[in-house]
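[1] show me the folded form of this:
(2 chains)
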Amino acid sequence: MKRSLSLLTLALALGLAPAQAEKIVIKGSDTLGAKLVPQLAEAYKASNPGTQFSIAAEGSTTGLTAVIEGTADIGMSSRRAKPTEQSAGAAKGVTLTPTIVAYDAMAVIVNESSPLKALSKAQVEQIFTGDVRDWSAVGGNAGKISVYTRNTSSGTYSDWKELAMNKRDYASGSQKMAGNEQIVAEVAKNPNGVGYVGIAYIKASGIKVLSVDGQVPSAASVRAKTYPYSRPTFYFTNGAPSGKAAPFTEFTLSSKGQAIVEQVGFVPVK
Amino acid sequence: MLNKTTVQLMALGLVSSFVAVANAQDSGALIDALIRKGVLKDQEAEEIRSQMTRDFAANSSAGKLNLSSSVKELKLSGDVRIRTQYDQQQAQIVPPNPDHDSQRLRYRLRLRLNADYQVNDNFFAGLSLATESKPDSGNQTMAGSGQSVTTTSDYGKNLPGAGFQNYNVYVSRAYLGWTPMSGVTLIAGKQSNPFYTTDLVWDADINPTGFVERLDLHKFFELGSAEVSLIGGQFVLQDNTENSNWANWNTPTAAKTDWKARDAFLYQTQLLATLPVAEGVKLTVAPGLLFSNGGAFDPNANGQNPNEAAFSAASGEKTLDNLMVVLAPGDVSTTIAGTKAKFLWDFAYNTDGNRMKLLSVSAATPSKPTFADKGAYLAGFQLGENKKKGDWSLSANYRSVGAISIDPNINDSDWALSKTNMAGYKAAFVYNLGDAATIGLTYYNANNIRKNWNFSTLGDKNSVSVIQLDAIVKF
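    Next comes the predicted model:
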């Protein structure tokens, strides 16, 4: 009898108890986490039943911090890790390691009613730094320019300063938005609005994409590296992807995953 | 023929060696070039970048600093000064008092630490720490003062300020500021002196507390090569309880005494203009107005001066309620035989001085203030500058400071030890032993304007001489 009870207990523990679902925790970039990674997660779950995802897209900084603190398996980031983040990681035995999962291009968008079609890189810098505050100075209709930017925890916020603004500060009075979709929404409402969004968001209604130095953001211009505001996007892991992060990273880089990358609007790695 | 792996390894070596002499932040362009030439793939480049960033973080002090993401720039600076000072002073001789003089030799040190932050959205803030609470001096006298230390005791380690006791550190600046647009600056808190000035009116150590607004007019109007700014400052000298009747409040039989006091403020406005007047010659003028409501001078304000000098309410002597001082400092800068040269001046006139009565030796015969009592001026020059090893500078000026001309709370604490009713000169020579290390000798000598004249503690010296030998290292 006693032996039967022991076997029953073992059977419950091994087989009859509910299966512990594998949960992959992903935090970080809104650029990646708003659309792309959730769609990749859905596709991954379809072929890996039982896998669960926790995705929080609150900015690249939060993703890198989460990997350092061990609260995420993957940190999504639209920017590279800073020395201070690498240093903080090293202090905790974490080696922040990037894997390029897609390419992005940051597009300059204006309201669809704007007569503008193109800007130079110099004009873009002037607009976002506040050197130019009226559209008439860059060939548009007279009107005070309303600048929309991402918030400071966003990798795009710092990438834009580096790529488009010569590392200068944003114009005083620029309005910080939580994500790409919020910037699109505001620019679509404001005839004098201007902002930057990832390439995955440029097909929204109410906005218009401007060419910069004659280049428009596209898969071809990103691959050819002719569009000035293109950048890689990353999964950051502690060392090379391993454990739960490895199969999902592998899936993201697979042909199926990269097809989703393209479908969402990013430029595939391969 | 080199294979691609070999080329990549060479590229990595090249980049790494570049990093060794520069840093990871500078090598991005090189990696980008290698990508464009097909030597590196993007993922390989990212791995190299990441490794370099880790190396930078691990092997450089800058990489270990973890600053708030809002900080755009942090400037850390400071200096240590070791000073040997000898001063000699003779008091006014007021019969029947005998003459009185004193000599003093002191060894002093000063430490200052500064941190100035530029943060996002055009805000800035900063702080400084210094080794003295007095606003016009960061000095601490070595081994304190006025304490006797013997070899048979414990070297005075239990006596305040004596022996090898450590020194307090005080907050000498704590400010925040905002530049809402180019050419407009607003600052609040304890901050560096925002005005163009000489040490006739403002001691260089004083960081006034209050509010400052600066408008750079040349950024709004086309003024050619001229730079013109309007600067306003509202500073708090002393805070008092404006109304109270607490005296005798707990003694029902005693009469209540209403107490009225006022805060003391100092306001200053200045129009600062710098303009080229000839090839290599620049003129700076900064007319302005300084107003103090004089709470600090008024015994009824129940307060102490920030500095030791004060008007007293001696019999027959009116206190100075207000200062309304017209200011006109300026300089001409040029180069003479390859050496920087500056000719500077300052002028101050207290238009409120007529309200004073000045006591002569006899308290029964107060006299009317003269122009010399109400006015102060300085004229001098500086040759050379102190920016790098081997640099030198020689400067000298003469000044006259009338008894009621300027605010003795804020004037130079070294020249005549801050006293008014004095005239004399200052001469200094400073030599750079290194780019950030100087040694300097300064001599001050001043004699009274009104002799043997009983005017409280402000102008109570017949003569003051000071010699200072300074060694300074900045960092």
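
[2] can you list the neighbours in contact with stretch A:235-246?
    Residues from elsewhere that reach stretch A:235-246, judged by C-beta atoms under 8 Å, 6 or more residues apart in numbering or on different chains: A:22-24, A:28, A:63-64, A:67, A:70, A:73-77, A:81, A:89, A:94-99, A:101, A:249-250, A:252. (Each C-beta comes from the backbone N, C-alpha and C, glycine too.)

[3] tell me which element B:Gln43 is part of?
    Under the criterion of DSSP states H and E, B:Gln43 resides in helix B:42-59.

[4] please put the alpha-carbon coordinates of that helix into CSV.
    The C-alpha trace of helix B:42-59 is given here as CSV (Å, rounded to 0.1, in the frame of the first residue of the first chain):
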residue,chain,number,x,y,z
ASP,B,42,27.3,44.1,-39.9
GLN,B,43,27.1,41.4,-37.2
GLU,B,44,30.8,41.0,-37.0
ALA,B,45,31.1,44.8,-36.8
GLU,B,46,28.6,44.9,-33.9
GLU,B,47,30.5,42.2,-32.0
ILE,B,48,33.7,44.2,-32.4
ARG,B,49,31.9,47.4,-31.4
SER,B,50,30.5,45.7,-28.4
GLN,B,51,33.9,44.2,-27.4
MET,B,52,35.5,47.6,-27.7
THR,B,53,32.8,49.3,-25.7
ARG,B,54,33.3,46.6,-23.0
ASP,B,55,37.0,47.3,-23.0
PHE,B,56,36.5,51.0,-22.9
ALA,B,57,34.1,50.5,-19.9
ALA,B,58,36.5,48.2,-18.1
ASN,B,59,39.8,50.0,-18.8
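
[5] in a strand, A:Tyr196, correct?
    Yes. Applying DSSP: H, G, I helix; E, B strand; the rest coil, one finds A:Tyr196 inside a strand.

[6] model confidence score at the nearest residue to it once chain neighbours are set aside, please.
    Computed as C-beta to C-beta, 6 or more residues apart in numbering or on different chains, the closest residue to A:Tyr196 that is not its neighbour in sequence is A:Met106, at 4.7 Å. Looking at A:Met106, its pLDDT stands at 93.

[7] in a strand, A:Met106, correct?
    Yes. Secondary structure of A:Met106 (three-state DSSP): part of a strand.

[8] buried ones among the contacts of stretch A:235-246?
    Burial by neighbour count, 16 or more other C-beta atoms under 10 Å in any protein chain shown: within the contacts of stretch A:235-246 this picks out A:24, A:28, A:63-64, A:67, A:73-77, A:81, A:89, A:94, A:96-99, A:101, A:249, A:252.

[9] mind pulling up the pLDDT for residue 172?
    By default, I'm working from chain A. With respect to pLDDT, A:Ser172 has a value of 80.

[10] my bad, the chain I had in mind was chain B
    For B:Ser172, the predicted pLDDT is 95.

[11] what is the neighbour count of it?
    Applying other C-beta atoms under 10 Å in any protein chain shown, we find 22 residues neighbouring B:Ser172.

[12] for it, give its distance to chain A.
    Going from B:Ser172 to chain A by C-beta to the nearest C-beta, to the nearest Å gives 29 Å.

[13] find the nearest non-adjacent residue to that residue, please.
    In space, B:Ser172 is closest to B:Ala130, 3.9 Å off (C-beta to C-beta, 6+ apart).

[14] does the one you found touch B:Leu111 like I think?
    Yes. Judged on C-beta atoms under 8 Å, B:Ala130 makes contact with B:Leu111 at a distance of 6.8 Å.

[15] neighbour count winner among the two?
    B:Ala130 (25 against 17).

[16] do a quick rundown of the helices in chain A.
    A:2-11, A:30-33, A:36-47, A:60-69, A:83-91, A:121-129, A:155-164, A:180-189, A:219-223, A:245-253, A:255-264 (DSSP state H).

[17] which of those sits most buried?
    Compared across the helices of chain A, helix A:30-33 shows the largest average neighbour count, a mean of 30 (mean count of other C-beta atoms under 10 Å in any protein chain shown).

[18] just the CA trace of it, in PDB.
    Output in PDB follows, covering the C-alpha atoms of helix A:30-33 (Å, rounded to 0.1, in the frame of the first residue of the first chain):
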ATOM      1  CA  ASP A  30       9.200  50.300 -28.600                       C
ATOM      2  CA  THR A  31      10.400  50.200 -32.200                       C
ATOM      3  CA  LEU A  32      10.800  46.400 -32.000                       C
ATOM      4  CA  GLY A  33       8.300  45.700 -29.300                       C
END
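
[19] re earlier: return the set of buried residues in the helix holding B:Gln43.
    B:44-57.

[20] also stretch B:80-99?
    Residues B:81, B:83, B:85, B:87, B:89-94 are the ones in stretch B:80-99 that count as buried (16+ other C-beta under 10 Å).

[21] B:Val281 bridge partners, please.
    For B:Val281, the beta-bridge partners are B:Ala278 (DSSP bridges).

[22] which residues does it contact?
    Contacts of B:Val281 by C-beta under 8 Å, 6+ apart are B:332-334.

[23] what's across from the nearest residue to B:His100 once chain neighbours are set aside in the sheet?
    Nearest residue to B:His100, sequence neighbours excluded (C-beta to C-beta, 6+ apart): B:Ala91, at 4.3 Å. Beta-bridge partners recorded for B:Ala91 (DSSP bridges): B:Lys461.

[24] closest to chain A among the buried residues of stretch B:80-99?
    B:Arg81 (33.8 Å; C-beta to the nearest C-beta).
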